[in-house]
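sequence first, then the predicted structure, then my questions.
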Amino acid sequence: MYQHVLCVYPYREDIKDTPYIPPVGLELIATALEPHCREVEVVDLRHESAETADFLRSDTDMVCFSVNWEKDDDFIRSQICCVPDSVLTIVGGRHATQDPPEWFRRCPGVDIIVRGDGEEAIREIARQLPLSDIRGISWRQNGKVVHNPNRQLGSVADDLYPNRQLRRCNYRLSVAGVELPLSVDAASTSRGCPFNCKFCSFSRNPWGEKRPWSARSPESVVRELEETDADIIVFVDDNFTHDMDRVDAICRLIIKRGIKKYFLANARLEVARRMDVVRMMERAGFFALLLGIESAHDKTLRSMNKGFTRRQIEEYMGALRHSRIIMHGYFILGNIGETEEEMLETGPFARAIGLDTLSLSTLRSVPYDGLRELVEQTPGYHIRSDGLVCSDAIPRKRLRQLRRRITRGFYRPLHVAGVVRKFAERGLFTPSMLARLAQRKALMHLGLSRGIAR
């Protein structure tokens, strides 16, 4: 049995103004380790003034790092490299596992990299099975890196949710630097996505295998919600609404058991086909749906395999815009083949279809997402070493200017007033909170970033 295991989220700042979301993936690893350790400690460095070395003890015999995002690489490396060679050092997370040899090279003290879903692999490591028998890991053997076969992607277990007692901090809502008196938590109730959008890598593991959609039962989900004290719950599923009958069952259980919380989740526009369930979501406490729309142009939607057309977007939003739920739209700037004029249509289109809020990201490619072949076939486009897709005709600086212009044009005073009224009607924010958000022009930050908390 291990004595003291340290699970570290090695970032100082999070992605896109969302430092209030717990690192659920790391917490699941910590929970899986509990039966095999005398003490497990979860450290989120976004909420600590200290660093990893300050939490190491004389009896620390395992340290696990969750590395999901391509940022703060030098700081992350310093945190990993501070662990003594005598301590078993394990790295997991999407960013780290895209290129295990590079992380082994940069961090000589790393013993094991867990690829993809890590709960079963970490249990087997903790039980001290021979490393050669553990699927889904890369490890050092006699100075060489060994890549074991990938682990088969199984169904999500009903008991797979984190022990929140392991946390050292409380998570509060913070929007664009405005801290609000609302506690926040995250729940992961399903994994995978049946769709094949070319820009998306979250439905695949870091080595390119398609992740079949698998979900916990409604009873399991609501049991977790009952054990959570937070005011706001973020469902971090890639596609929470894939099975609308399941969503309906979850909502009915929430209502039946008197759970009074606010929920938001990633969703596909096709939820509009089941407005009966959308109304049930309203009753259960859902206040926002995060919709991946990506473009206003059929040629782009088609090339990206989005699975719907502009006309269908308009039809779906024609129903959804009348919901009391905040509808937040994701769009991508720099889509392959789009001109500046076409990109500038994003704001007017988003407002015309009735979106309440929107966020704009720039096109990025990661291994196995399907974009690389499309870029190679399109003259004038290339992929930088950091994964950003660049156009010779429209440089990155110009894209940043377009993003600011579109955002300013979308959030006009009358539009903002309407969204504020919608928030007020749901009772999530008090008038004083809304006034503080309005002063900081914070509505544009209320949409959560893609792949949050994974």
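Yes, it's here.

make it CA atoms for all contacts and neighbour counts henceforth
Noted.

what's next to the helix or strand Met327 falls within, contact-wise?
Under the criterion of DSSP states H and E, Met327 resides in strand 326-333. Strand 326-333 has contacts (Cα atoms under 8 Å, 6 or more residues apart in numbering) with 287-295, 320-321, 343, 346, 350, 354-363, 399, 403, 419, 422-423, 447.

please redo it, this time with the cut-off set to 6 Å
The contact list for strand 326-333 (Cα atoms under 6 Å, 6 or more residues apart in numbering) reads 287-295, 355-362.

one more: stretch 26-34?
By Cα under 6 Å, 6+ apart, stretch 26-34 touches Glu119, Pro162, Asn163.

now, these that are in helices?
The members of those that map onto helices under DSSP state H are Glu119.

compile the contacts of stretch 26-34 into TSV and extend it with columns for distance to Ser214 and neighbour count.
TSV is the format used below for these (distance: Cα to Cα, whole Å; neighbours: other Cα atoms under 10 Å):
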residue	distance to Ser214	neighbour count
Glu119	15	18
Pro162	18	21
Asn163	21	17
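
and of the contacts of stretch 26-34, the nearest to Arg246?
Pro162 (21.3 Å; Cα to Cα).

quick one: the closest one from Leu26, how far?
Look at Pro162 and Leu26: by Cα to Cα, to the nearest Å, they are 9 Å apart.

same question, Ala319
38 Å.

compare those two (neighbour count), which wins?
Leu26 (27 against 16; other Cα atoms under 10 Å).

in a helix, the more buried one, correct?
Yes. The assignment for Leu26 by DSSP: H, G, I helix; E, B strand; the rest coil puts it in a helix.

quick check on the residue sitting furthest away from the middle of the chain: phi, psi?
Relative to the centre of the chain, the most outlying C-alpha is that of Asn142, 36.6 Å out, by Cα atoms, centre = their mean. The phi/psi pair for Asn142 (degrees, to the nearest 10) reads phi 50, psi 40.

could I get the pLDDT score of it?
Asn142 is assigned a predicted lDDT (pLDDT) of 89.

change the start of the numbering to 539 and stick with it
In the new numbering, first residue 539, that becomes Asn680.

who's in contact with it?
Neighbours of Asn680 in contact, by Cα under 6 Å, 6+ apart: none.

ok, it to Arg643 distance?
15 Å.

which element is Glu662 on?
Applying DSSP H and E, one finds Glu662 within helix 657-664.

next structured bit after that helix?
Criterion used, DSSP H and E; the element after helix 657-664 is strand 675-679.

what comes into contact with stretch 824-841?
With Cα under 6 Å, 6+ apart as the criterion, stretch 824-841 contacts 800-806, 847-848, 863-870.

hang on, I meant stretch 720-740
709-711, 741, 749-754, 768-775, 777, 842-844, 907-909.

now, these that are in helices?
Using DSSP H, the contacts of stretch 720-740 in helices are Leu909.

tabulate the CA atom coordinates of the strand holding Met865 in CSV.
C-alpha atoms of strand 864-871 as CSV (Å, rounded to 0.1, in the frame of the first residue of the first chain):
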residue,chain,number,x,y,z
ILE,A,864,-29.6,30.8,-22.0
MET,A,865,-28.4,29.6,-25.5
HIS,A,866,-24.7,30.1,-25.9
GLY,A,867,-23.1,29.5,-29.3
TYR,A,868,-19.5,28.5,-30.1
PHE,A,869,-18.1,29.7,-33.4
ILE,A,870,-14.7,29.2,-35.0
LEU,A,871,-12.8,32.0,-36.8
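
partners of it in the sheet?
strand 824-832 (parallel), strand 895-900 (parallel) (DSSP bridges).

please enumerate residues in contact with the shortest one?
In this case it means strand 895-900. His866, Gly867, Tyr868, Phe869, Ile870, Leu871, Gly872.

quick one: these as JSON lines, columns for pLDDT, neighbour count and distance to Arg595 too.
Shown next, in JSON lines, are the contacts of strand 895-900 (pLDDT from 0 to 100; neighbours: other Cα atoms under 10 Å; distance: Cα to Cα, whole Å):
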{"residue": "His866", "pLDDT": "96", "neighbour count": "24", "distance to Arg595": "45"}
{"residue": "Gly867", "pLDDT": "96", "neighbour count": "21", "distance to Arg595": "46"}
{"residue": "Tyr868", "pLDDT": "95", "neighbour count": "20", "distance to Arg595": "44"}
{"residue": "Phe869", "pLDDT": "96", "neighbour count": "22", "distance to Arg595": "46"}
{"residue": "Ile870", "pLDDT": "94", "neighbour count": "20", "distance to Arg595": "45"}
{"residue": "Leu871", "pLDDT": "93", "neighbour count": "22", "distance to Arg595": "47"}
{"residue": "Gly872", "pLDDT": "92", "neighbour count": "23", "distance to Arg595": "48"}
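
what is the burial count for the residue nearest to Val785 when sequence neighbours are not counted?
Using Cα to Cα, 6 or more residues apart in numbering and skipping the chain neighbours, the partner closest in space to Val785 is Thr779 (6.4 Å). Neighbour count of Thr779, defined by other Cα under 10 Å: 22.

didn't Thr779 look like it was pressed against Ala805?
Yes. Thr779 is in contact with Ala805 according to Cα atoms under 6 Å; the separation is 5.4 Å.

sweet, I'm off.
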